[in-house]
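**Student:** This is the structure alone, sequence omitted:
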């Protein structure tokens, strides 16, 4: 559950760093200063201030998409009732076909080969 704090919603699962940056952004919003004027005396860059503003907004959107859950998703137990069927290609295994070229080269072809590639290989080997 998120609680309101200033102008931002602070989720219960926010990290310490996130809470600190929410506090800083609220302070910046109230200050009336430019990003540079606010950031410099605090030893941060204006771009860091902008990045955290976007990051906090991104995290809030992600939490909203997650259905408003304020706690991380949990892993749930899973029971497998039956083994998955084997893919069709592994059900029937054919013995490889062997092609002997000029009594020198043996080509082993297994199920699922590409005929065009085999044709090219044989043509190259027989043209020598």
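**Tutor:** Received, thanks. All figures in this text were calculated on a predicted structure; none of them were measured in a lab.

**Student:** could you pull out the strands for the protein?
**Tutor:** 2-5, 8-11, 97-101, 105-109 (DSSP state E).

**Student:** got a list of contacts for the third one?
**Tutor:** Translated: strand 97-101. 106-110, 122, 125-126 (CB atoms under 8 Å, 6 or more residues apart in numbering). C-betas here are computed from N, CA, C, even on glycine.

**Student:** For that strand, give the mean pLDDT please.
**Tutor:** Mean pLDDT, strand 97-101: 77.

**Student:** Within the sheet, what are the partner strands of it, with directions?
**Tutor:** Next to strand 97-101 in the sheet, as set by DSSP bridges, lie strand 105-109 (antiparallel).

**Student:** Contacts for the strand it pairs with next, please.
**Tutor:** Taking CB under 8 Å, 6+ apart as the rule, strand 105-109 contacts 96-101, 118, 121-122, 125.

**Student:** Among the residues you listed, find me the one that's closest to residue 47.
**Tutor:** Using CB to CB, residue 121 comes nearest to residue 47 of the contacts of strand 105-109, at 57.3 Å.

**Student:** Show me the protein divided up by domain.
**Tutor:** Split into domains by automatic domain parsing, the chain comes to 2-65, 93-126.

**Student:** the longest helix in the chain is where?
**Tutor:** For the chain, the longest helix by residue count, based on DSSP state H, is helix 46-65.

**Student:** Distance of residue 27 relative to residue 113?
**Tutor:** Residue 27 sits at a distance of 68 Å from residue 113 (criterion: CB to CB, to the nearest Å).

**Student:** before we move on, the earlier item: need the winner for burial among the domains of the chain.
**Tutor:** Among the domains of the chain, domain 2-65 has the highest mean neighbour count (mean count of other CB atoms under 10 Å), at a mean of 14.
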